[in-house]
Each structure stands twice: as C-alpha cells, then as structure tokens.
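Chemist: here is my input; please provide its structure:
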Amino acid sequence: MSADHDPGSPPAGAARPADRPDLHFPDHHADLDDEEEEGRSLTWDLDNVVLLTVGVDIGSSTSHLLFSRLHLQRLAQSLSSRFVVVGREVVHRSPILLTPFGDDGLIDGGALEGFVAGAYRAAGLTSAEVDTGAVVLTGLALERANARAIADLFARVCGGFVCASAGHNLEAMLAAHGSGAVGLSRERPGRLVLHVDVGGGTCKFALVRDGAVLATAALACGGRLVTLDAAGRAVRVEPAAHRLARRAGVELAPGRPVDAGRLAAAMTAAIAGAARGEADDLLLTEPLPRLGPPEAVTFSGGVAEYVCGRERARFGDVAPELGAALAAAAAEGRFGAPPVALDTGIRATVIGASQFTVQLTGNTVHVSDRSLLPLRNLPVVDARLPAGRALDGGAVREAVTAGLGRLDLEEGVQPVAVALGWTGEPRYANLRAVAGGVAAALPRTLENGVPLVLALDADVGRSLGAILAEEFAGARVASLDGVDVRELDFVDVGEPIRPAGVVPVVVKSLAFSR
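Modeler: Down below sits the predicted model:
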C-alpha cells in the first residue's frame, strides 16, 4: 500500500461497490436521477474504500491462506482523513496444507509457492487484484535456515505486503486476538482469561484482561514434534520430543513404534505447568507471570480442533492424543479455570489479514534528513506508559525495551516506529529526559544510523526529534505528532507534503473479527 495513496479513491485492484454486486452496502442510489446519483456516488467514494486482503500463515505443521474483503469508512469527524474498518467479509479459505519439508529439514519453497498459486486460482483472484495482506511464519517453521527466504518469496509473489516472522511472543499475541480470546475478555470486564494456542511445534500462552494482552509465554511442545507413518512408527523427531519422551519413559527413534498416549500425557503435564507459571526447560521465553487465577481458559491452534472435537482424522502425528489429553485436563481443572469454546481454532493466527488507515501528521514534525523518507512496513513498538507513571528517562527506556520484547524484535536490526504518549509540560528538561530514555533503549539503532520513527500523540514532535537528532550523534529520526498507532500495527511513512509540512502515514493493522 503506497504511503501517498489518495483516500478518496479506491486503491489499485479494488473496484467500486457498483462493480461488486456481492457486496451488501445500502442502496444509496435508489430513486435518484442521473445527476443526483453521480453526486451521491462521488460522495460515497470519497468516504469509503473497499479492499481485498490475504493472510498467509506458514506454521510448524500447517500452512493456509485466508482472503477477506474489508470495507473502510472515513471517521465522522469533520475533515478527518482517517479510515476505520466497518465491515469484514471472508471471501475464501484455502485448504489446510501440511507444511512441506524436504529431506534436509528445510521448508520446500517450490511446493509452498505452488500451493499459494492454487489458492489464488480457487479464490478467482490474481495477485494484482489483492490490495494488501500479511505473510507470517510461526513455530518451528520460523527456525528453519531458509525461513526468511521463504517469507520474502511470498511477499514478492503476493505483492507489497507486510512480511512478519512471528517470534514466540508475537505469535502468542496474534493467536489471542485472532481466536477471539481478547474479544471474550472484553465481554467479561475485570476477569482474567488464559489463552492456550497449541500448534505443531510450539504452545503459546497469553494472559488477557479487558481486551489487553498482559503477558505471553511459549513452550516447545506441540502435536507434530513427532511425525508417524501409517503403522504408528516415528518418521521425524524434533529435538524437544526427545526431552518429553524421557519424561514419559518413551523411546523415540525413526522406524520404531511410538506410544502416543504416554507422550501426549507428558506434553499435557508440561503445558498445564507452564500455564500455571511454572519453570520448565522446554520454555522458549520467560515463564508466564502469576497474575492470579484465570476466570476462563480458551484454546486455539491445530491441536485445538481435537480439543474441541471438531477434528477426528489423523495426519501422521500425535495431535489427536494430545488434544484428547488437553480436553481431559481442562475438564479436570488443571488449567485453573473452566474451558470456554471459541469459534476459531487452527486459523487463529491468520484470521486477520491487513487493513489500512491513512493519517496526516500535525505541523510540528522533525525529519533529520531528506533521504530518510519514505519508509515502509515498520512495526510499531508501543512504549506508552501506564496511567499515573511519571514520564522520565528510565521509565521510557523500560517501556521501549519491553515493547521490543513483546514483538520479538532485536534492537538495531531494523527500523521501527516507537509510539510514545506525552503528559505534562513540554519543557526542555522533560523532552531531554524522554529523548535520553529512547536513546538508552535503542543504542545500536542510533549509533548505526538505522532509521527511527517516533509517533507521538501530542504536539512535541519537532522539539523531541530535534533533541534526539542533535544531541545523540548519528540519530536518523522522523518525529511525528498527531499519529494514532497501536501495537501490532505496521506503518508506511511518506515524504513531507509541501507547503503544509505534514507527513502522510499509512497504518496497516491486523484486522481481527472481534
């Protein structure tokens, strides 16, 4: 999605509603003569945009696509340039493919590319007709040596998409949102919801309250750590499976029968323990903090299809046994709360493709050099401080560092957009303290000249950016005010518009259904 896209006209590939009879928008043309109809159509087009989007999820055990149509509408405020999603329709769900791996253990890029091409054909779409989307690698697929090459391949094949390799914490957040667990927590104000996403190679946890993900964790445990032949003999064994096998007293070796029930029992014990915040050498992150007993536990991921009884077929792994063991454990109260069924299981991570909003910054912006912009697909690091927390350098450093960690981003490797809230007077001492906190959290970014965007909700962009650029050598920074972005957003930042001096920002967010 280009940063200089005109919000008043449909983007490339997005036909107007009149060209799409399957869209169910109000008939605003009824009983109008031709002149009135033309005027009303122009008015509608200025305030409405229709996009086709796609999400591509390449996971440890399965890969699949989901095509959606989004209706975005300009906010009602006078002269607002911001669009929000007001309608979402699933156009096509691809079949679910067992992620293909070669004998060398690498992802088979050719097989995946053919699968994606077939999904486009089945949807009746070409890549030119799809406006935006996301390619996400998760679980064990992310650890393969050619993971980045695979992600880049699909970003090229599918178009100029957000391309995110989802680390364990980010995947836990995506699953919590996409499954509906976050939406469930909004319906139960003040109650803690534990979400457990069980895939082929990893299990992700999220603690959610009032629509916010408070903490995440991940465990090397899943239904496809061992693949089986038709006779129940091991074909491929992932390293984590050997540790679980020792706990279960099960021998694992290629060509030997596998006691899937005992192995699943050991996996369930590890998952239930990690959900309670217990330490485990299978943890891929820090343990889940103990924030109190949850009020509900929810499941998603491929294994959740077995937990909820929606799937009974076997696909050459231990997912059926693991799903049955987890369902029994949840019913026995081993997760600390009764299970609540969600509609979305295996497709939780990819349930949202991408949406976009178009914003213009305020007039107090600072861009350190002309060559800095445009920038595309920057992940948003949310460094806003909790209510009541003083805005000082130490607090800002902690907030930025924590925001990077939640998204599994390594500091200094790629450009990011840091979202900062502002409270208090814009005095030099306050601005200098905040700039110092940002610099302390992003030393390699500043030292190596990696582009940095600051997204501020107050009119201090010019002052803060100037301090950061002038007093911290090497900082290449675009400091923008009046920008509304959140965690899990990606942004494109265009070149300044003259003579107004404002900067266009395209915000691409995961568009979850709840």
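Chemist: need the contact list for the closest residue to Asp457 other than its chain neighbours.
Modeler: The shortest distance from Asp457 to any non-neighbouring residue, by Cβ to Cβ, 6 or more residues apart in numbering, is to Gly421 (5.5 Å). C-beta: built from backbone N, CA, C; applies to glycine. Going by Cβ atoms under 8 Å, 6 or more residues apart in numbering, Gly421 touches 384-385, 456-458.
Chemist: tell me where the model's unsure across the stretch 101-250 of the chain.
Modeler: 138-149, 151-152, 154-166 (pLDDT under 70).
Chemist: where along it do the strands fall?
Modeler: 132-137, 162-165, 192-198, 203-209, 212-219, 226-228, 234-237 (DSSP state E, counting those that start in this stretch).
Chemist: was I right to think Val116 contacts Gly55?
Modeler: No. Counting by Cβ atoms under 8 Å, Val116 stays clear of Gly55, with 11.6 Å between them.
Chemist: between these two, what contacts are shared?
Modeler: Leu65.
Chemist: any stretches of the stretch 401-514 of the chain with poor pLDDT?
Modeler: Checking the stretch 401-514 of the chain against pLDDT under 70 turns up 474, 497-501, 510-514.
Chemist: kindly recompute the last result at 80.
Modeler: Across the stretch 401-514 of the chain, the ranges flagged by pLDDT under 80 are 423-425, 458-459, 473-474, 496-504, 506-514.
Chemist: where's Gly405, which helix or strand?
Modeler: Assessed by DSSP states H and E, Gly405 sits inside helix 393-406.
Chemist: centre of the chain versus the following helix or strand past that helix, how much separation?
Modeler: Where DSSP H and E defines the elements, the next helix or strand beyond helix 393-406 is strand 416-420. Chain-centre distance of strand 416-420: 16 Å, with Cα atoms, centre = their mean, to the nearest Å.
Chemist: one more: stretch 412-428?
Modeler: For stretch 412-428, the distance to the chain centre is 22 Å (Cα atoms, centre = their mean).
Chemist: quick one: contacts for Gly190?
Modeler: 209-210.
Chemist: sorry, wrong one. I was asking about Pro443.
Modeler: 411-412.
Chemist: distance of it relative to Gly449?
Modeler: 12 Å (Cβ to Cβ, to the nearest Å).
Chemist: coming back round to it: between the contacts of Gly421, which is nearest Ser300?
Modeler: Arg384 (27.3 Å; Cβ to Cβ).
Chemist: quick one on the thing from earlier: what comes into contact with the helix holding Gly405?
Modeler: 169-170, 173, 216, 381-385, 389, 410-411, 416, 418, 420, 433-434, 436-438, 440-442, 487.
Chemist: helices or strands up against the strand or helix carrying Ala327?
Modeler: Using DSSP H and E, Ala327 sits within helix 319-331. Packing contacts for helix 319-331, counted by 3 or more Cβ pairs under 8 Å, 6 or more residues apart in numbering; DSSP states H and E, involve strand 192-198, helix 260-275, strand 296-300, helix 304-307.
Chemist: centroid-nearest residue for this structure?
Modeler: Leu174 (4.6 Å; Cα atoms, centre = their mean).
Chemist: wait, doesn't it sit right on Val136?
Modeler: Yes. At 7.2 Å, Leu174 counts as touching Val136 under the criterion of Cβ under 8 Å.
Chemist: just the buried ones from the contacts of helix 393-406?
Modeler: 169-170, 173, 216, 381-385, 411, 416, 418, 420, 433-434, 436-438, 440-442, 487 (16 or more other Cβ atoms under 10 Å).
Chemist: surely Thr216 meets Asn169?
Modeler: Yes. Between Thr216 and Asn169 there is a contact at 4.6 Å, judged by Cβ under 8 Å.
Chemist: now for these two: what residues contact both?
Modeler: Listed as contacting both Thr216 and Asn169 by Cβ under 8 Å, 6+ apart are 285, 406.
Chemist: ok, the residue nearest to the centre of the chain to Leu282 distance?
Modeler: Applying Cβ to Cβ to Leu174 and Leu282 gives a distance of 21 Å.
Chemist: also Thr227?
Modeler: 19 Å.
Chemist: same thing with Ala266?
Modeler: 10 Å.
Chemist: shared neighbours of the two, anything?
Modeler: In contact with both Ala266 and Leu282: Leu244, using Cβ under 8 Å, 6+ apart.
Chemist: give me the secondary structure label for Thr53.
Modeler: Classification of Thr53 using DSSP: H, G, I helix; E, B strand; the rest coil returns strand.
Chemist: tell me what it is bridged to.
Modeler: Here Thr53 sits in beta bridges with Ser68, Thr132, going by DSSP bridges.
Chemist: surely it touches Leu72?
Modeler: No. Judged on Cβ under 8 Å, Thr53 makes no contact with Leu72 at a distance of 10.8 Å.
Chemist: and Ala175, how many neighbours?
Modeler: Counted with other Cβ atoms under 10 Å, residues neighbouring Ala175 total 33.
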